[in-house]
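[1] Got a predicted structure here, sequence first:
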Amino acid sequence: MNRIWMIFIPLIISFGSFAKDLNSPLVPYSSLKSKYHFQEKGGISSRVGGDPESVLIITSSRGWVVKINDQGQILWRNKSSCTPITEPQLDYNQIFFACKEGELLALDQDTGKENWKFRFYDSVAGKPETNEQLVIFQTGNGAIFALDKKTGNIKWVARENSRYTLSLMGASQPLIIAEKVYVGLSDGTLAVFNVHNGDLIWKKRLFDRPVISDLDLNLLADNDQIYASSQEGICAISKTTDKTFWCLNEQIIANPSIDQKFIYALNSDNQLCLIDKSVGTIEGKFELN
C-alpha cells in the first residue's frame with residue numbers, strides 16, 4: 001500500500017513551500033542532500049526520531065533494533081526477542097513496539113535492553129501510544145490494551161468492533177488527548193474511551209463499505225476536531241461529541257499529516273492532496289512519481 005510515502009510526506013511538507021503558495025513547484029528529490037547513509041541487512045522496516053531529535057531508532061525486518069546519532073554513528077544495535085511489525089513509539093527513556101509473534105516489547109532507550117514484554121496473541125497490531133502512566137495499542141482483532149508503562153501489567157482492555165472486516169493496513173495507532181483515547185476501528189467506527197478505565201464514551205460509524213471500511217490510518221487532531229481517514233475517504237469529527245463536520249470521498253492510502261491550514265494526504269493515484277481542514281475541500285493535487 002505504498003507505505004514508503006509515509007516517510008516522504010513529512011519531508012515534502014518540510015522542504016516545500018506549496019502550502020503557502022499553491023503555484024510554487026515541489027522541491028525535487030534530487031535537490032535534497034544526504035547527511036549520511038545507513039544500511040541494515042534485511043532492510044529497514046521503520047524509523048522514528050528519538051530524544052534528542054538528532055537521534056534515530058531503527059527497526060529491521062530481521063528483528064534488529066538500532067540507535068544512531070545525527071552523524072550516522074551506531075550507539076547500540078541489539079537483536080530483539082521478536083520481529084517488529086510497528087514503528088517504535090518513544091517515551092522518555094523507553095521504546096515500545098509490537099511484534100508479529102504477538103508481543104509488545106518495552107526497551108531501555110539508553111541501552112536497547114528489554115525491560116518487559118506483554119503477550120497479546122495476535123500477529124497484527126498498531127503502533128503504541130503513551131501518556132504519563134500508560135502504553136495503549138490496538139490489535140488486529142480489535143482489542144485495545146492499556147498497560148502500565150513501567151511493568152507491562154494490564155490496566156484495562158476494551159473491544160468495540162461490531163463485526164469482522166478485512167483490514168488493509170493492520171490496526172491504527174490510538175490517539176490520547178487529555179482524559180480520552182480515540183481509536184479508529186476496522187469496521188469504520190471511531191470510538192472514544194475513558195483513558196483511566198477503558199469505558200466507552202461514544203462511538204460513530206463513519207464508513208460502511210460491505211468488505212473494507214477500516215480506519216487503519218492514524219488519526220489527526222487540532223483544537224476542535226479529529227480527522228479520520230481510510231480507503232473510503234476522510235472525515236472531520238468533533239472532539240467532544242460524535243458530530244461530523246465534513247467527509248471527503250478520496251481514497252487515502254498512507255498516514256496523513258496536518259498543519260494550521262491543510263491536511264496532506266496521499267491518495268490511491270499517488271497524488272499528494274492538500275485538503276482545507278476547515279471545510280474538507282481539495283485545494284491542490286501533486287503527482288508523486
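    Looks like it came in fine.
[2] Can you list the buried residues in stretch 187-201?
    Buried residues in stretch 187-201, counted by 16 or more other CB atoms under 10 Å: 187, 188, 189, 190, 191, 192, 193, 195, 198, 201. (Each C-beta comes from the backbone N, C-alpha and C, glycine too.)
[3] Okay, and which of those residues map to strands?
    Within those, residues falling in strands by DSSP state E are 189, 190, 191, 192, 193, 201.
[4] And for the nearest residue to residue 129 once chain neighbours are set aside, the neighbour number?
    Excluding its sequence neighbours, the residue lying closest to residue 129 (CB to CB, 6 or more residues apart in numbering) is residue 174, at 4.5 Å. The local packing of residue 174 (other CB atoms under 10 Å) involves 27 other residues.
[5] Name the helix or strand of the chain that has the lowest mean pLDDT.
    Least confident helix or strand, the chain: helix 5-15 with a mean of 45, by mean pLDDT, DSSP states H and E.
[6] Give the closest residue to residue 218 in space, chain neighbours not counted.
    residue 255 (4.5 Å).
[7] so the one you found sits right up against residue 215, yeah?
    No: if you go by CB atoms under 8 Å, residue 255 and residue 215 don't touch, sitting 11.7 Å apart.
[8] And those two? Which one has more around it.
    Ranked by neighbour count (other CB under 10 Å), residue 255 and residue 215 place residue 215 first, with 27 against 23.
[9] Name all residues that make contact with that one.
    172, 184, 185, 186, 188, 189, 190, 206, 207, 228, 229, 230 (CB atoms under 8 Å, 6 or more residues apart in numbering).
[10] rerun at 10 Å
    167, 171-172, 183-191, 205-207, 228-232, 235 (CB atoms under 10 Å, 6 or more residues apart in numbering).
[11] how much space between it and residue 182?
    Remark: distance between residue 215 and residue 182 (CB to CB, to the nearest Å) = 10 Å.
[12] and what of residue 248?
    19 Å.
[13] which stretch of helix or strand covers the spatially most central residue of the chain?
    Against the mean C-alpha coordinate of the chain, by CA atoms, centre = their mean, the closest residue is residue 218 at 4.4 Å. Assigned by DSSP states H and E, residue 218 belongs to no helix or strand.
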